[in-house]
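Here you go, sequence then predicted model.
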Amino acid sequence: MRFVDSFVDRAERYSLGVEQESATAYLSIPVSSSLTDYEEYYALSDEEYASFGADPNSARAFAEECRRRAHDDRLMLKPGWNRGSPR
């Protein structure tokens, strides 16, 4: 998988982009485990991707829901046994 960010909000700690091999849009958030820092990638519909790009408030709200693990069914890469916590 090759994730390419198209927008990064450093203050709110999320990014939007497209995974190149599948052309799947995503929102990612940074997480930390005891072993490493990494990103979790949540699949978006094309409509959500366009909406979040045009309306940062809705993207921030979705990112917060992801931090609360409300959208784990959308994770593009399933976490291992040592899942990190949002930063």
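It's in. Numbering: from 1, shown residues only.

Now for the spatially most central residue of the chain: which residues touch it?
The C-alpha lying nearest the average C-alpha coordinate of the chain belongs to residue 28 (Cα atoms, centre = their mean; 1.8 Å). Taking Cβ atoms under 8 Å, 6 or more residues apart in numbering as the criterion, residue 28 is in contact with 3, 5, 14, 15, 16, 17, 39, 40, 41, 42. Using the backbone N, CA and C atoms, a C-beta is placed for each residue, glycine as well.

Report the secondary structure element holding it.
strand 24-32 (DSSP states H and E).

Give the buried residues for that strand.
24, 25, 26, 27, 28, 29, 31 (16 or more other Cβ atoms under 10 Å).

Return the item of these having minimum pLDDT.
Among the buried residues of strand 24-32, residue 31 has the lowest pLDDT, at 95.

Surely it and residue 80 touch.
No. With contacts defined as Cβ atoms under 8 Å, residue 31 does not count as touching residue 80, sitting 11.8 Å away.

How are the strands of this protein distributed by residue range?
In the chain, the segments counted as strands under DSSP state E are 3-9, 14-19, 24-32, 37-44, 85-86.
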